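Q: I'll drop the sequence and a predicted model, then ask my questions.
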Amino acid sequence: RNTAGRLMTNEFFAFQMETVIDEVSNCIRNSPGIDLIRRVFVLDFKGELKGVVSARSLIISSSGTQLRQIMQQVEHKVFPNTTREEVVDIVERYKIPALPVVDEENFLIGVITYEDVVEAIEDIADETITRMAGTSEHVGYSSYDVIRRFLSRAPWLLVTLFAGLVSAAVMAYFQKIAPSLL
């Protein structure tokens, strides 16, 4: 559930190393439903991931240039079972707009976009907040464990009760001395 395989999309552009830019641009032009055009992935003749080409390189290179001539090495990639937290760490640390997901044989099976990582960060934050408040739902529990829930919420309830009592005491004190100040 919380893995790279769940975050990835299977809609991306990948071409053989010998493909020329003119063919790439025609394919992109004829596939308006695929949004991921910041990176084009380069594969060898077996289909293994070999490199990546940025959209900028595609624009500034001449139309007859082969992808192998302008591709860069893929420095970061993940497997489908990589945890969501590891994916977030890699993308945030290296500012990767599109992180490739490969299988054991280095075949490209999906891509994780920066937008997907932002959503994952939001989910992680939501889960953390609910865990801190003691209100998280655990999938798989068949009975409602009232005592466990109370004990997980008790520290926050006590802090809130104590803060309310302190506020009331301070307000009562100032109400007593307020007439003498006027």
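A: Good, I have the coordinates. The structure presented is a predicted model; accordingly, all values stated were derived computationally and were not measured.
Q: from now on I want contacts and neighbour counts done on CA atoms only, so please keep to that.
A: OK.
Q: against residue 95, how distant is residue 161?
A: Distance, residue 161 to residue 95, using Cα to Cα, to the nearest Å: 44 Å.
Q: likewise for residue 86?
A: Distance from residue 86 to residue 95, counting by Cα to Cα: 14 Å.
Q: now residue 120
A: For residue 120, the distance to residue 95 (Cα to Cα) stands at 15 Å.
Q: of the two, give the one with the bigger neighbour count.
A: residue 120 (18 against 11; other Cα atoms under 10 Å).
Q: what strand or helix carries that one?
A: According to DSSP states H and E, residue 120 maps onto helix 114-133.
Q: can I get the CA coordinates of that helix in PDB?
A: Extracted in PDB, the C-alpha atoms of helix 114-133 (Å, rounded to 0.1, in the frame of the first residue of the first chain):
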ATOM      1  CA  TYR A 114       7.000  15.100  -8.200                       C
ATOM      2  CA  GLU A 115       3.200  15.700  -7.900                       C
ATOM      3  CA  ASP A 116       2.800  12.100  -6.700                       C
ATOM      4  CA  VAL A 117       5.400  12.700  -4.100                       C
ATOM      5  CA  VAL A 118       3.700  15.900  -2.800                       C
ATOM      6  CA  GLU A 119       0.500  13.900  -2.400                       C
ATOM      7  CA  ALA A 120       2.500  11.200  -0.500                       C
ATOM      8  CA  ILE A 121       3.900  13.900   1.800                       C
ATOM      9  CA  GLU A 122       0.400  15.100   2.500                       C
ATOM     10  CA  ASP A 123      -0.700  11.600   3.300                       C
ATOM     11  CA  ILE A 124       2.300  11.100   5.600                       C
ATOM     12  CA  ALA A 125       1.500  14.400   7.400                       C
ATOM     13  CA  ASP A 126      -2.100  13.400   7.900                       C
ATOM     14  CA  GLU A 127      -1.200  10.000   9.300                       C
ATOM     15  CA  THR A 128       1.300  11.600  11.700                       C
ATOM     16  CA  ILE A 129      -1.200  14.100  12.900                       C
ATOM     17  CA  THR A 130      -3.900  11.500  13.500                       C
ATOM     18  CA  ARG A 131      -1.400   9.200  15.300                       C
ATOM     19  CA  MET A 132      -0.400  12.100  17.500                       C
ATOM     20  CA  ALA A 133      -4.000  12.900  18.400                       C
END
